[in-house]
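Trainee: quick one: sequence plus predicted model below, questions after.
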Amino acid sequence: MTLPLDTILVTVILTCFLIMGTTRLLTAIRISAIQGICIGLLPVAASGAHTSIRVALLGLVIIVLKGFAFPRLLKRAIRESSTSTEMMPFVGSTASIVTGILALIVAFWIDSRMEFLPGSHSLVAPVAFFTIITGLFMIVARKLAITQVVGYLILENGIYVFGLAIALEVPIIVELGVLLDMFVAVFVMGIAIFRINREFNHMDSDQLRNLKG
Amino acid sequence: MHKGWILPLLLFLPTLLAGIGMLARTPRMAVRLLTWGTLASAGASVAAALLALNQAGELKAMGAWLMVDALSAYHLLVMAVVFSLSGLYSRSYFEPDLIDGSLSLGTARRFAALWFASMAAMNLVLVSNNLGLMWVGIEATTLVTAFLICIHATPTSLEAMWKYLLMCSVGVALAFMGTLLLAAATHGSGIEGADALLWTELRDSAARLNPKLVKIAFLFLVVGYGTKAGLAPMHNWLPDAHSQAPAPVSAIFSGFLLNAALYCILRTLPLVEALPGQAGWGREILVAFGLISILVAAVFIIAQHDVKRLLAYSSVEHLGIIALGVGLGGLGYVAALFHIFNNSVSKSVGFFCAGSIGKLAGTHDMRKINRVMALSKVWGGGLTGSLLAIIGAAPFALFLSEFLILHTAIQQGHWFIAGAFLFGLALVFIGALRHLISISWEPHVEPVTPHRATLLEGAIVFVPLATLLMLGVSVPAPFWHLLEKAARILGGAS
């Protein structure tokens, strides 16, 4: 247990709650950027004084992408599609926070059942599960297409933390390939939102329901 | 010279072609490049497959990160057939747009570039021995094919693209979780850190992996990659994307994109099968998903009016049949692999014909289309033929592979599975035959001047259908040996 590591993990939990609670789109994107920076710092904090160049470099790439590049792409998508800045949730913010608390309990429960998991730190795995659940929740419980992208980013953050939790040495090429895919995903989703907005004059994915059967 | 050089070529050649596609100076040039480049790249895939099949063991390259064995060689061959046919077809599909100038240079360039990029991504899935890299390939196919769906931007095609993009990205993210869990299962099995994702390493020490983690990993992988493969109940994106995409794209979606995702599940099956005392556990899951897919698809096929959506649901059904066959094991492995080829070929032809008939008739609604053979002998006849093949009419090869799967189920004494399978097939047969009769043989109200097809168009429709007929009568020995060789890998043999 190290102090910086725990601080970062708690910050990740807090950012998840803030994202669930906010009703402002720009706030959600800013918080996801903070979470992205935390995710980038996590492996560095975990290895402490033994940080290798590989870990440091990867952390830097993650911070640049998740902390700055992705939020910028999302903000541009909002600006160009001149959408409203309200989230229009299916589930209101109080109910969302309550869901979040339940999700946190579930995350710790899953962790307690997975004692056979090779883990290095007791808090990392539950935080990973909690972040994954938050991401999935944001995808299904929010109407706007762009919040679904934010949810997708949070889901990916959770899976990355999970990779750290099981202390896995993922080869750097694979790691970079995954990040490249994510970058392209956000980029493509941004263009998609722009085009959807141009055709429909809104980005409300709830109204995307002409195709049935 | 070492033969492994061809594997990186499979990645570089389509990437290079994608770059060239962006530089095309006229729309016609881009479409021409699409046809010839696809044939060249497919040729490279065939060469790689043959090299791998003609040597003992696997063909490896780049420090065992890239690998082709009989299973991936077979998939490379199927992919080469589907892409070659689609490449040739796209020529005639875009011809009217080229003549009236409605295909802009930007669109044509983008289409060609994304097309080749998707080929590169699918090649990456098939040749990578590293399961992480395989995941990167699958996710890349989602991203590059998303814009192929809405090359003609309409509200419905954008809706289809968004669904596809989001559902598949989230699904495939779960598959990455599965990949991580699989790698975590190697703790204490003697595999060195960075090798934990190499499939050949995992297979060689499968008996020493942590069984609980491998099983959880397999669940994540089946749900994750199953979303992309269109297995029910994760199939919701599929009918939309397949019906909204231009016909050549629908063909590669149904003909190979789904199989590429299923291939990833097939790769991990032998690892689960090799766990001590767990033989059959992973296969039971595939049987369940297979049966659900067949039955769900059957219900939707009965109620369907759009011909492209009908074909899309039929893909859900056939992927289900493949999963079922693999799940039964034994002869089922061979039959399922045989069915992969049959489904890919018949579905590609089906989408070509449905696309062209749709263009001629101005609608995909089967209630408004009739006497397709009066509209066009080639496309109408092809649509009738391919629909007959798809529903499993007797002399076609699909009948044979479905019969073999049924035979396996009965031989193993799984009467319930056999019954449910037969019930699903019967529903599809009746449901689709009703539509088929109405579009093919009902009297035509207004006389039309039949569309005259070129020799090439006739060839890409009738040569594949004739091949399926021949395979249904007798399977050549070398082809059967290839299927058996690939099936042995599914069964866990090295």
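Mentor: That came in fine, so what should we check first?
Trainee: next, count neighbours for the closest residue to chain A within the stretch 201-350 of chain B.
Mentor: Ranked by C-beta to the nearest C-beta, the top residue of the stretch 201-350 of chain B for proximity to chain A is B:Asp240, at 4.3 Å. Where you see a C-beta, it was placed from the backbone N, CA and C, and this is true even at glycine. When neighbours are defined as other C-beta atoms under 10 Å in any protein chain shown, B:Asp240 has 26 of them.
Trainee: show me what the longest helix seen in chain A is packed up against.
Mentor: For chain A, the longest helix by residue count, based on DSSP state H, is helix A:172-200. Using 3 or more C-beta pairs under 8 Å, 6 or more residues apart in numbering or on different chains; DSSP states H and E as the contact test, the elements touching helix A:172-200 are helix A:53-62, helix A:70-80, helix A:145-165, helix B:131-149, helix B:155-184.
Trainee: kindly reformat the ones you listed as a markdown table containing distance to A:Leu5.
Mentor: Conversion of the helices and strands packed on helix A:172-200 to a markdown table gives the following (distance: least, C-beta to C-beta, whole Å):
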| stretch | distance to A:Leu5 |
| --- | --- |
| helix A:53-62 | 13 |
| helix A:70-80 | 24 |
| helix A:145-165 | 10 |
| helix B:131-149 | 25 |
| helix B:155-184 | 20 |
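Trainee: can you redo these as a markdown table with mean pLDDT?
Mentor: Formatted as a markdown table, the helices and strands packed on helix A:172-200 follow (pLDDT from 0 to 100):
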| stretch | mean pLDDT |
| --- | --- |
| helix A:53-62 | 89 |
| helix A:70-80 | 88 |
| helix A:145-165 | 90 |
| helix B:131-149 | 92 |
| helix B:155-184 | 91 |
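Trainee: export those helices as JSON lines, with columns for distance to B:Gly280 and mean neighbour count.
Mentor: What follows is those, written out as JSON lines (distance: least, C-beta to C-beta, whole Å; neighbours: other C-beta atoms under 10 Å in any protein chain shown):
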{"stretch": "helix A:53-62", "distance to B:Gly280": "40", "mean neighbour count": "15"}
{"stretch": "helix A:70-80", "distance to B:Gly280": "44", "mean neighbour count": "18"}
{"stretch": "helix A:145-165", "distance to B:Gly280": "29", "mean neighbour count": "25"}
{"stretch": "helix B:131-149", "distance to B:Gly280": "23", "mean neighbour count": "24"}
{"stretch": "helix B:155-184", "distance to B:Gly280": "19", "mean neighbour count": "24"}
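Trainee: to A:Asp181, which of these lies closest?
Mentor: Across the helices and strands packed on helix A:172-200, A:Asp181 has its closest neighbour in helix B:131-149 (4.4 Å, C-beta to C-beta).
Trainee: how big is the angle separating the closest one from helix B:155-184?
Mentor: 180 degrees (axes from the mean of the first three to the mean of the last three C-alpha atoms, to 10 degrees).
Trainee: follow-up on the earlier one: residues contacting the residue of the stretch 201-350 of chain B closest to chain A?
Mentor: A:211, B:156, B:159-160, B:163-164 (C-beta atoms under 8 Å, 6 or more residues apart in numbering or on different chains).
Trainee: so where's the stretch 1-150 of chain B shaky on pLDDT?
Mentor: B:1 (pLDDT under 70).
Trainee: which parts of it sit against chain A?
Mentor: Residues of the stretch 1-150 of chain B lying close to chain A by C-beta under 8 Å from any C-beta of the partner chain are B:130, B:132-133, B:135-136, B:139-140, B:142-143, B:146-147, B:150.
Trainee: separation between the residue nearest to B:Ala361 when sequence neighbours are not counted and chain A?
Mentor: Distance criterion C-beta to C-beta, 6 or more residues apart in numbering or on different chains; nearest residue to B:Ala361, sequence neighbours excluded, is B:Ile369 at 4.9 Å. Distance from B:Ile369 to chain A, counting by C-beta to the nearest C-beta, to the nearest Å: 18 Å.
Trainee: how many other residues sit next to B:Ile369?
Mentor: Neighbours around B:Ile369, by other C-beta under 10 Å: 24.
Trainee: quick check, it in a strand?
Mentor: No - counting by DSSP: H, G, I helix; E, B strand; the rest coil, B:Ile369 is not found in a strand; it is coil.
Trainee: show me the contacts for it.
Mentor: Contacts of B:Ile369 (C-beta under 8 Å, 6+ apart): B:307, B:357, B:361, B:363, B:375, B:439.
Trainee: could you check the distance from it over to A:Gly67?
Mentor: Noted for B:Ile369: a distance of 54 Å to A:Gly67, by C-beta to C-beta, to the nearest Å.
Trainee: what residues are up against the residue nearest the centre of chain A?
Mentor: When chain A is reduced to its mean C-alpha position, the closest residue under C-alpha atoms, centre = their mean turns out to be A:Ile154, at 1.3 Å. A:Ile154 makes contact with A:16, A:19, A:32, A:35, A:131, A:134-135, A:138 under the criterion C-beta under 8 Å, 6+ apart.
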